[in-house]
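1. return a 3D structure for these sequence lines:
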Amino acid sequence: MSNSFTGEPTPFQAPDGAASGPLSAVAPYGASLVFVAAATVVAFGLEAPVGAPNLALVFVLPVIAAASLFGWGPSLLATVLGVLAFDFFFTEPRYSLVISRPSDIWSAVLLLVIAAVVSAVAAESRRRELAARRSAEQATALQSLAHVVIQAGSPAEILAAAATALARIFRAPAVVFVDQAGELRLAASAGGARLTAAEEEAAKGTLDLNLPTHAETFPYPMATFDFWPVVTPRGRRCVIGVGWAASGRSRPAHPDRFIEIVGAYLAAAL
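-> A predicted model of the protein is given here:
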């Protein structure tokens, strides 16, 4: 499919921040395993000068690293593996998960509690950091769109900027259709958008009914984009779409706020 405003094909690009596949989801847990293994090696090196009962805090380090880098899930795995490694290698009887000495039991319990608390705190800190970073990215995307509108860019530039802003805000493919003499045509795309006849039909239905449509739902179960209609004060009609289903992402809980902002920019500029 070509861009009707530029005549150029719309190339495929992976959307910013898109997951690369199952491997990317498993990798943080594998890294947590490596962190615990490294801590175990360090603990063996420190056992002679420090003493086995005092090695428990060594296994807090991989928990901190996993929570700070990857979040709650990998840090929880590091917590469990750290406690098991400490129990198996450094409590009596050795190379068994049985603990015979009360002091070792206390050390294992203390390790579990400290690691769990540290994991929760670090994971929450990471969550807030990521949320702040996403908010900054979304604000930057809207600022870039506003800049093009304020500079009175051409319609093609404004439409391209709108599609790019949507792709950056939602980290998913995005498109903008424009009604030209009664024919709905693709005007801009970003984030590797690839459309089929099902998406085109859904976009037309959105424009005809002047109502949003959701992907993979009646009456367009084969469409993988959500669409929203936009009508400018001058009577120009557009449709903007975001392909969460097309990129394998979950639809955000409340995307309408950003959709309305981008739609307002288009309505004001076109």
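
2. tell me the strands in the stretch 151-270 of the chain, going along the chain?
-> 174-180, 183-190, 226-231, 237-242 (DSSP state E, counting those that start in this stretch).

3. need those strands in JSON lines (columns: distance to Pro155).
-> Where you see a C-beta, it was placed from the backbone N, CA and C, and this is true even at glycine. Formatted as JSON lines, the strands of the stretch 151-270 of the chain follow (distance: least, C-beta to C-beta, whole Å):
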{"stretch": "strand 174-180", "distance to Pro155": "8"}
{"stretch": "strand 183-190", "distance to Pro155": "8"}
{"stretch": "strand 226-231", "distance to Pro155": "13"}
{"stretch": "strand 237-242", "distance to Pro155": "10"}
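
4. so which of those strands comes closest to Val148?
-> strand 183-190 (11.6 Å; C-beta to C-beta).

5. so how far is the closest one off the chain centroid?
-> 26 Å (C-alpha atoms, centre = their mean, to the nearest Å).

6. from now on call the first residue 878
-> Got it, first residue is 878 now, which makes that one strand 1060-1067.

7. in its sheet, what does that strand sit against?
-> Taking DSSP bridges as the criterion, strand 1060-1067 forms sheet pairs with strand 1051-1057 (antiparallel).

8. okay, buried residues for the host helix or strand of Ala902 please.
-> Per DSSP states H and E: Ala902 is located in helix 899-927. Residues 905-906, 908-910, 912-913, 916-917, 920 are the ones in helix 899-927 that count as buried (16 or more other C-beta atoms under 10 Å).

9. cool, and stretch 1073-1092?
-> Residues of stretch 1073-1092 classed as buried by neighbour count (16+ other C-beta under 10 Å): 1075-1084, 1090, 1092.

10. find the pair from the residues you listed with maximum spatial separation.
-> Across the buried residues of stretch 1073-1092, the longest distance by C-beta to C-beta is 16.3 Å; it joins Leu1084 and Ala1092.
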